[in-house]
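S.K.: return atomic coordinates for the entry below.
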Amino acid sequence: MLVDSHCHLDSAEFDADRDAVIQRAIDAGVETMVAIGTGHGPPDLEAGMRLADRYSCFLATAGVHPHDAAKATEETNKHLKNLLRHPKVIAVGEIGLDYHYDFSPREVQQSVFQQQLKIAAEARKPIVIHTREAWDDTFQLLEEHWKPVGLPGIMHCFSGGLTEARRSLDLGFYLSFGGIVTYPKALEVQEAARMAPLDRILIETDAPYLAPVPKRGKRNEPSLLVHTAAKLAVLRGISVAELAAATTANFDTFRMLN
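M.R.: Have a look, this model is predicted:
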């Protein structure tokens with residue numbers, strides 16, 4: 001059995017066939033999916049929760065994506081604190097920094113990121129990190145504001161190499177590998193996937209984005225997690241069954257905090 005630790009099945013891309021997509025995932029052995037609750041940004045952060053309330057196979061997160069940081073207010077923080085009390089909300093996320101698009105000013109992203117780290121720490125919830133072209137600032141903020149908390153986190157859709165992997169692991173994070181690890185040119189990501197301890201890796205789709213080979217360029221969905229699992233198993237020289245068992249056990253350990 002597999003766990004998709006990060007997907008966006010609230011996305012409009014699934015409006016026409018969401019139930020069928022979920023059934024395909026279950027049929028493929030994906031027993032649990034984590035619906036990321038960033039939605040379209042504040043004030044609506046319940047996107048993941050709505051799926052978790054409707055489907056037993058879903059858990060959820062809640063948080064303000066860095067793209068939406070400029071929409072966040074003090075009311076957003078109060079709302080997020082309330083959402084974290086929901087029994088199926090297992091983490092704050094995805095939160096972090098994105099300097100590729102800069103949809104929100106960088107200083108605003110950093111401020112909102114810090115505020116959410118504080119909220120997560122107070123709620124004793126782990127975090128799910130989005131970082132793009134912002135590794136140094138992401139690590140600086142995590143080392144200052146999160147490491148002392150002593151809680152883990154997930155580096156969502158890990159896209160770094162050995163240096164970023166080691167820094168993440170030193171912070172107590174899990175590395176979550178998505179479709180990128182199947183891409184022929186993603187050699188640094190593949191190297192990190194080989195190096196990471198087996199008890200510190202997770203797998204995800206980030207559906208509808210970043211579909212793995214052989215479906216690259218198509219809409220991604222949780223049933224395609226099997227391709228990412230197969231690639232990781234090859235990279236690590238173990239069977240798919242061993243990889244599935246390990247990543248599922250890792251996820252269970254992660255969610256035991258709730």
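S.K.: from here on, contacts and neighbour counts on C-alpha atoms
M.R.: Noted.
S.K.: identify the residues contacting Glu31.
M.R.: 1-3, 25, 57 (C-alpha atoms under 8 Å, 6 or more residues apart in numbering).
S.K.: quick one: mean pLDDT over whichever helix or strand it is part of.
M.R.: Glu31 belongs to strand 30-35 when assigned by DSSP states H and E. Averaged across strand 30-35, the pLDDT comes to 98.
S.K.: can I get the contacts of Glu31 in TSV with distance to Pro126, secondary structure and neighbour count?
M.R.: Shown next, in TSV, are these (distance: C-alpha to C-alpha, whole Å; DSSP: H, G, I helix; E, B strand; the rest coil; neighbours: other C-alpha atoms under 10 Å):
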residue	distance to Pro126	secondary structure	neighbour count
Met1	23	coil	15
Leu2	21	strand	29
Val3	17	strand	27
Ala25	25	helix	23
Cys57	20	coil	16
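S.K.: re earlier: what's the helix or strand following the strand holding Glu31 in contact with?
M.R.: Moving toward the C-terminus from strand 30-35, the next helix or strand (DSSP H and E) is helix 47-54. For helix 47-54, the external contacting residues (C-alpha under 8 Å, 6+ apart) are 8-10, 34-39, 58-62, 88-89.
S.K.: can we see that at 6 Å?
M.R.: 35-37, 39, 58-60 (C-alpha atoms under 6 Å, 6 or more residues apart in numbering).
S.K.: quick check, nearest of the residues you listed to Asp136?
M.R.: Nearest to Asp136, judged by C-alpha to C-alpha, of the contacts of helix 47-54 is Ile36 at 24.4 Å.
S.K.: what about that closest one, how many neighbours?
M.R.: By other C-alpha atoms under 10 Å, the residues close to Ile36 number 31.
S.K.: longest strand in this structure, please.
M.R.: strand 89-98 (DSSP state E).
S.K.: now it: average pLDDT?
M.R.: 98.
S.K.: same deal with stretch 116-135?
M.R.: For stretch 116-135, mean pLDDT is 98.
S.K.: give me the residues contacting that stretch.
M.R.: Residues contacting stretch 116-135 (C-alpha under 6 Å, 6+ apart): 91-100, 151-156.
S.K.: kindly check the end-to-end length of that stretch for me.
M.R.: 18 Å (C-alpha to C-alpha, to the nearest Å).
S.K.: now do that stretch: distance to the chain's middle.
M.R.: 11 Å (C-alpha atoms, centre = their mean, to the nearest Å).
S.K.: cool, and stretch 209-218?
M.R.: That offset, for stretch 209-218, works out to 17 Å (C-alpha atoms, centre = their mean).
S.K.: quick one, helices of the protein?
M.R.: 18-27, 47-54, 74-83, 106-123, 135-145, 162-170, 187-195, 225-236, 240-255 (DSSP state H).
S.K.: in CSV: these, plus distance to Glu204.
M.R.: Shown next, in CSV, are the helices of the chain (distance: least, C-alpha to C-alpha, whole Å):
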stretch, distance to Glu204
helix 18-27, 12
helix 47-54, 15
helix 74-83, 23
helix 106-123, 22
helix 135-145, 20
helix 162-170, 17
helix 187-195, 13
helix 225-236, 7
helix 240-255, 10
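S.K.: excluding residues flanking it in the chain, which one is nearest Lys218?
M.R.: Ala211 (6.3 Å; C-alpha to C-alpha, 6 or more residues apart in numbering).
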